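Novice: Sequence below, structure please.
(2 chains)
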There are 2 protein chains.
Amino acid sequence: MPIEKREIIPVWDAVTKVLKYQLELSLETVSLEESDGRYLGEDILATHDVPPFDRSPYDGFAIRAEDTSAATQEQPVELNVIDSIGAGHVSGKEIKHNEAIRIMTGAAIPKGANAVIMLELVSEKENNRITISRKVKAGDNISRQGEDTPEGTTILKTGTRIHPGVTAILATFGFHTVKVYKKPVVGILATGTELLDVDEELVPGKIRNSNAYMIASQIKKIGGEPRILGKLPDDLEETYEGILQAMKETDLVITTGGVSVGDFDHLPAIYKKMGAELLFNKIAMRPGSVTSAAMFEGKPLFGLSGNPSACFVGFELFVRPYLLQSLHVKKVHLGAVTATLQKDYLKPNPFTRFIRSRVEWNGPTAVASPVGLDKSGSVSSLSEANALIVLPGGTRGWEKGSQVMTLLLEGEGSVWPWDQALKSRS
Amino acid sequence: MPIEKREIIPVWDAVTKVLKYQLELSLETVSLEESDGRYLGEDILATHDVPPFDRSPYDGFAIRAEDTSAATQEQPVELNVIDSIGAGHVSGKEIKHNEAIRIMTGAAIPKGANAVIMLELVSEKENNRITISRKVKAGDNISRQGEDTPEGTTILKTGTRIHPGVTAILATFGFHTVKVYKKPVVGILATGTELLDVDEELVPGKIRNSNAYMIASQIKKIGGEPRILGKLPDDLEETYEGILQAMKETDLVITTGGVSVGDFDHLPAIYKKMGAELLFNKIAMRPGSVTSAAMFEGKPLFGLSGNPSACFVGFELFVRPYLLQSLHVKKVHLGAVTATLQKDYLKPNPFTRFIRSRVEWNGPTAVASPVGLDKSGSVSSLSEANALIVLPGGTRGWEKGSQVMTLLLEGEGSVWPWDQALKSRS
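Specialist: Numbers count the residues shown, from 1 in each chain, chains lettered A, B, ... in the order given. The predicted structure is shown next:
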């Protein structure tokens, strides 16, 4: 079978083609304690007013403001303290003329009271009496029921990822269980006879299948469920059968390797044999130009490069936003920051280049350094990189001090457009 | 029992006191696939050279450089192709005078060859013959065994958190299991009769115990194991017994609430009764000035505020670095970035203030906006904040445009010192 022709498209177009689709993920209910890192499957509305009742923001005395109307330094008024309320307790008593109730922060305002005076502004006397030497206005120091958030307000949106702050809100409103999207199940197939399993001894000519584990970790990081489905030999028929089977068992399939332009590049032929709708099979980027994607029976199939850097970048640029869009996340792309390049990068740049890098903050500005450019750093760069520098194609290289776009591997995402660079045909 | 006196210390001192101690966590072995988010319990050394054998970085032909010494455009040399090697295969043949072997990217250099010429620079003729019209130097296009990383090189340090890039390295070197620190077990006790469980109906005067769930989520985020141990009433003896029991069952105990300066503040008295070594019980910060820590039988006990913002901040400033130090992490504090304040913050600032905020990147500079300052935003601020703005104490407020320090809630940490602000006695 002849090798299929690969037509090159810009990164921007490739991302856009992928994001025309999304998975329909069903919902499941999990306990609040098991919900960390999951994505809300429904908008959350306030189930009660916040505060849930009129309450005191300070330790002090609940009073009737009108009883202080004549109070001055010279002629303080004297009130009779008839009760004391701790947080969580409610007084059974009602305040009448010239009476007060001692109240703690967060406790409910008792009947009859219309203001709170802070502890420090009161003189406590014997026989449960206090004196007040200033006028207090009705409503002073009362946190009103519902003034922060009225019942029924939308407080969290579908697609919000659950983190500690979200957990606090869910607990406040009594959600001991929460509806979340089911985790998308992602099958991972490595192709290439050169690959050993991780627990196999090295033999001449072979290397271990690290990409499958790396991708599995990338999937877990964004809340998906990876299935490492093993490896396929460089054989057309077996690869075809293996991919078909994987697509039946999962929501999405990623293959790595088997996409070089050498003798054994069967992937385009396999898409054709499957009758899959090819989205693209070559992208104007480095590393990873021979990255492909296709749709088959409503599910996507991504063909990532076998080169570890290209494989990593391909996942972050194409698979990640597809999965996050399916989880109803708003900012599906990596976060983007402009940074000052700290080293010359003088390689000619025929295609838009994505370089594993470290971004750090130097006072108020971000600075970016490629990691692992020298050969000795190429292994450790996998652990040290926290960003990708994006260098638009068609240039002769970049000098130290240039402003470059970087994509952050941690933290919040971003929305399009990042940069015109990604529209580059070169 | 009288209320114990609380002596105030700067944030800096409080953090320093906490970090004089750390837990001794034992190691456990987990599978590579279950190791995401865990911390390496040993340095990882390269178990083999990278590359593991001399290999070809390109598709091409393995040759003897000396056979091309007379090659020119006008007088190309002709070589006999005796074999073809795919990645993962090893040729059984040895190259002799005027012979070549076709080789694919990543395949091992065959015996007798000392260079590779790229496919594009070769003309393929009939009868397995190629012509080369330029001189090739010995060593050209050979990736030498060990040139990236020699066997025995330390490639990952103890305390490294396992993320996709680290996973790739571990897989490459055959670590199908990995030694990691056991997760520190953190007990969470809420104090306060005003607290309901999350699944309880609201009743007058009470609120749900959201802090425990929030802290549990904060603990899980950094790779600890939370145990929500329920709540204690505002009773000295019961609280004392509950804390003692919790300290037996866990590595570290956090209490929330019960630390207000009102009538029911028993925590300092309980530390005394336990014979715990008090580290501090008041800090020059807002929110959360009544935050305490003590050591008891080699384990720490943190008394965080019952106020949700103060509780959140107290965990991030004091408990987080303690746990990460125990896990042998290098950068145990929140990451620090200087940002431009986007709104006036004109409240007088007697103590160093930590404000829930959003930091975003505006081109190359970070900008920071407090969230939830208006009452209506106070609930949603819990989900929207991605940073804390730090405003040093002793000021009258800050104007829009000021440069302020922010601590990021996501991404990499930082090392001391962040800023002189935290040394402030006010």
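
Novice: The residue of the stretch 151-300 of chain A found nearest chain B: what's it in contact with?
Specialist: For the stretch 151-300 of chain A and chain B, the shortest gap (CB to the nearest CB) falls at A:E194, measuring 2.7 Å. Where you see a C-beta, it was placed from the backbone N, CA and C, and this is true even at glycine. By CB atoms under 8 Å, 6 or more residues apart in numbering or on different chains, the contact set of A:E194 is A:G205, A:K206, A:I207, B:G86, B:A87, B:G88, B:H89, B:G106, B:A107.

Novice: after the helix or strand containing A:I389 comes which helix or strand?
Specialist: For A:I389, the element it lies in under DSSP states H and E is strand A:387-391. Later in the chain than strand A:387-391, the nearest helix or strand by DSSP H and E is strand A:403-408.

Novice: circling back: nearest to A:K343 among the contacts of A:E194?
Specialist: Using CB to CB, the shortest approach to A:K343 within those belongs to B:G106, at 28.1 Å.

Novice: tell me the contacts of the residue nearest to that closest one when sequence neighbours are not counted?
Specialist: In this structure, B:G106 finds its nearest non-sequential neighbour in B:A87, 4.1 Å apart by CB to CB, 6 or more residues apart in numbering or on different chains. Neighbouring residues of B:A87 by CB under 8 Å, 6+ apart: A:G192, A:T193, A:E194, A:G205, B:M104, B:T105, B:G106, B:A107.

Novice: can I assume B:A87 sits in a strand?
Specialist: No - according to DSSP: H, G, I helix; E, B strand; the rest coil, the state of B:A87 is coil, so it is not within a strand.

Novice: That one and A:A385: what is the separation?
Specialist: Distance from B:A87 to A:A385, counting by CB to CB, to the nearest Å: 25 Å.

Novice: same check, this time on A:N209
Specialist: From A:N209 across to A:A385, the span is 21 Å (CB to CB).

Novice: ok so, going back, can you give me the angle the strand holding A:I389 makes with strand A:403-408?
Specialist: Counting by axes from the mean of the first three to the mean of the last three CA atoms, to 10 degrees, strand A:387-391 lies at 140 degrees to strand A:403-408.

Novice: which residues touch strand A:387-391?
Specialist: Strand A:387-391 is contacted from outside by A:313, A:316, A:334, A:337, A:339, A:341, A:345, A:349, A:352-359, A:368, A:370, A:398, A:404-409, A:418-419, A:421-422, using CB under 8 Å, 6+ apart.

Novice: Filter the residues you listed down to the buried ones and hand me the ChimeraX line.
Specialist: Per 16 or more other CB atoms under 10 Å in any protein chain shown, the buried members of the contacts of strand A:387-391 correspond to this ChimeraX selection:
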select /A:313,316,334,337,339,341,345,349,352,353,354,355,356,357,358,359,368,370,398,404,405,406,407,408,409,418,419,421,422
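
Novice: restrict the contacts of strand A:387-391 to those near chain B?
Specialist: A:V337, A:A339, A:L408 (CB under 8 Å from any CB of the partner chain).

Novice: Name the nearest of these relative to chain B.
Specialist: A:V337 (4.6 Å).

Novice: Taking strand A:403-408 as reference, get the angle to whichever strand or helix holds that closest one.
Specialist: Here A:V337, judged by DSSP H and E, is contained in strand A:335-341. Orientation of strand A:335-341 against strand A:403-408 (the same axes, to 10 degrees) gives an angle of 140 degrees.

Novice: who are the neighbours of strand A:335-341, in terms of helices and strands?
Specialist: strand A:352-362, strand A:365-370, strand A:387-391, strand A:403-408, strand B:352-362 (3 or more CB pairs under 8 Å, 6 or more residues apart in numbering or on different chains; DSSP states H and E).

Novice: contacts for the fourth one?
Specialist: This points to strand A:403-408. Contacts for strand A:403-408 (CB under 8 Å, 6+ apart): A:316, A:333-341, A:354, A:357, A:359, A:366, A:368, A:386-391, A:398, A:418-419, A:421, B:364, B:411.

Novice: Before I go, just wanted to say thanks for your time.
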